[in-house]
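Novice: model this:
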Amino acid sequence: MYIIFLFSCSSDSSNEINFEYEKTFSISISDTTDSQPNKISYYYDLKSKQEYLVNYNADFDIIELYSIKYFNLNYVIHLNFKAKGIFIHNLDSIFCISKFNDSIFLINTNSEILQSWDINEILYVPEGKYVTEYNINEQMYLIDNNLIIKIGLDGYPFEHYKAYTLLNFNIVSQQHNKLVKYPIEISKQDDPGLISKSYCESNGCIVVIFSDDPTIFKYDKIGNLISYKIIKSKYIQEFSKYDTTLGKKFSYNNKHQIMKPEFFKILYDNYNKVFYRINKHKQEFEVNGIVNDYYDCSWSISILDSNLNLIYEQLFPPKNFYFLNTFVTKEGLIISNNNPNNPNYDENYFSFSLFKLMKRIK
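Specialist: Numbers count the residues shown, from 1 in each chain. Below is the predicted model of the structure:
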């Protein structure tokens, strides 16, 4: 027997929490839209109570807002620059980062530029220059006029471990500071260029994970460490050893990335007051002569309470989901089905499965 779980979780193992499949929905997409986009996000509009999938079409420099309720394309926003960061605060305040000059633009759905900020100068440091990374699928956050942006130090690559990973930029005062350094320990495990990070906002705090480290860190908005927890996955026993002698070869790096396990993404569910960490599992590079794709592996979601205590870890099967595109909605967690190995895959649609957080009664 199952009931929908809508309240804060307890770590009591007698009350097992997991996800239950609810439904699948599909949205017809334009002929020019990639059905496997890595530049998609989710937006809930408080004013209209409407939910949207936000897709950045890089080929045509447009932002497309697809209605989840009506299964259609509602807005097309034209940009006169290529973007690598998009955050919709509301439909009249959309923050975009230019791909080529690290300027921030504030626009509306009529494609009008309302304000801009040039942040190039503040990205220079004695060690080199920081660059803004892609802030689309994992978008920026606005906390008390502070825009939190994912950054990286431009240069090769082991010194990156002393680098910061986030920029806090105040859009009113233009004051700024850099936040959150890489943990030193992970320098022993992998090439820094292959170490990714993921972050989310929770009640004005920033929660950060790194791909090769089971530690989950919580910071305040100016970068002070509040707490951390080491949360291992029962499906990740060890990390693949990186061969530095082969590291400059693209073919080796590609194979390494496909095979290696990762702590992939962190999300906060404000409706249920829990965190979700997506864990990518180790897989073979090829099976029966067929090379696996990055998203063909099995994977799991660790469910954590608001204090970062592990509640439950749920396993998901391989080759069914494109789990990069996993988003928290009011109804539950939506996960993309747009994996070409999914038997129901159709390149003409965005397809998502909705999972609700449940509490099992024993």
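Novice: drop to CA atoms for contacts and neighbour counts, all remaining ones
Specialist: Noted.
Novice: what's the domain layout of the chain?
Specialist: Domains of the chain are assigned by automatic domain parsing as 1-34+186-362, 38-181.
Novice: Compute the first-to-last residue distance for the last one.
Specialist: The separation between the terminal residues of domain 38-181, taken as CA to CA, to the nearest Å, is 25 Å.
Novice: From residue 195, how far out is the residue lying closest to residue 168 once chain neighbours are set aside?
Specialist: Leaving out its chain neighbours, the residue that sits closest to residue 168 by CA to CA, 6 or more residues apart in numbering is residue 148, at 4.8 Å. Distance of residue 148 to residue 195, given as CA to CA: 20 Å.
Novice: quick one: which of those two has more around it?
Specialist: Between residue 148 and residue 195, residue 148 has the larger neighbour count (other CA atoms under 10 Å), namely 27 against 19.
Novice: And for residue 88, nearest residue in space, chain neighbours not counted?
Specialist: In space, residue 88 is closest to residue 94, 4.4 Å off (CA to CA, 6+ apart).
Novice: so where do the strands sit in the stretch 251-362 of the chain?
Specialist: Taking DSSP state E, counting those that start in this stretch to define them, one finds strands in the stretch 251-362 of the chain at 262-269, 274-280, 286-287, 290-291, 299-304, 310-316, 326-328, 333-336, 349-360.
Novice: follow-up on the earlier one: how much space between the residue nearest to residue 88 and residue 74?
Specialist: Residue 94 is 16 Å from residue 74, where distance means CA to CA.
Novice: in this protein, what spans have low per-residue confidence?
Specialist: Applying pLDDT under 70 to the chain flags residues 1-16, 155-161, 184-193, 246-248, 360-362.
Novice: How about the contacts made by residue 199?
Specialist: Neighbour list for residue 199: 138, 206, 207, 208, 209, 265, 266, 267 [criterion: CA atoms under 8 Å, 6 or more residues apart in numbering].
Novice: Tell me the secondary structure of the residue nearest the centre of the chain, please.
Specialist: With distances taken as CA atoms, centre = their mean, the residue of the chain nearest its centroid is residue 138 (3.6 Å). Three-state call for residue 138 (DSSP: H, G, I helix; E, B strand; the rest coil): coil.
Novice: quick one, phi psi at it?
Specialist: phi -110, psi 100 (degrees, to the nearest 10).
Novice: isn't it right up against residue 41?
Specialist: Yes - counting by CA atoms under 8 Å, residue 138 touches residue 41, with 7.1 Å between them.
Novice: Which secondary structure element is home to residue 222?
Specialist: Of the helices and strands defined by DSSP states H and E, none includes residue 222.
Novice: Touching, it and residue 179? I think so.
Specialist: Yes - with contact defined as CA under 8 Å, residue 222 counts as touching residue 179 (6.9 Å).
Novice: between the two, what contacts are shared?
Specialist: residue 168.
Novice: Looking only at neighbour counts, state which of these two leads.
Specialist: Set side by side, residue 222 and residue 179 show more neighbours around residue 179, with 24 against 17, by other CA under 10 Å.
Novice: ok, residues contacting the helix or strand that contains that one?
Specialist: Assigning secondary structure by DSSP H and E places residue 179 in strand 176-181. Strand 176-181 is contacted by residues 122, 161-170, 222-223 when judged by CA under 8 Å, 6+ apart.
Novice: go with 6 Å
Specialist: For strand 176-181, the surrounding residues in contact (CA atoms under 6 Å, 6 or more residues apart in numbering) are 163, 164, 165, 166, 167, 168, 169, 223.
Novice: In it, which residues are buried?
Specialist: 176, 177, 178, 179, 180 (16 or more other CA atoms under 10 Å).
Novice: So in that sheet, which strands flank that strand, and in what orientation?
Specialist: With DSSP bridges as the test, strand 176-181 is paired with strand 164-170 (antiparallel).
Novice: Could the C-alpha coordinates of stretch 232-239 be exported in PDB?
Specialist: The C-alpha atoms that make up stretch 232-239 are tabulated as PDB, following Å, rounded to 0.1, in the frame of the first residue of the first chain:
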ATOM      1  CA  LYS A 232      28.000   7.600   0.000                       C
ATOM      2  CA  SER A 233      26.100   5.700  -2.600                       C
ATOM      3  CA  LYS A 234      25.600   1.900  -2.200                       C
ATOM      4  CA  TYR A 235      26.100   1.600  -5.900                       C
ATOM      5  CA  ILE A 236      29.400   3.400  -6.100                       C
ATOM      6  CA  GLN A 237      32.200   1.400  -4.500                       C
ATOM      7  CA  GLU A 238      35.200   3.200  -6.000                       C
ATOM      8  CA  PHE A 239      36.100   5.700  -8.600                       C
END
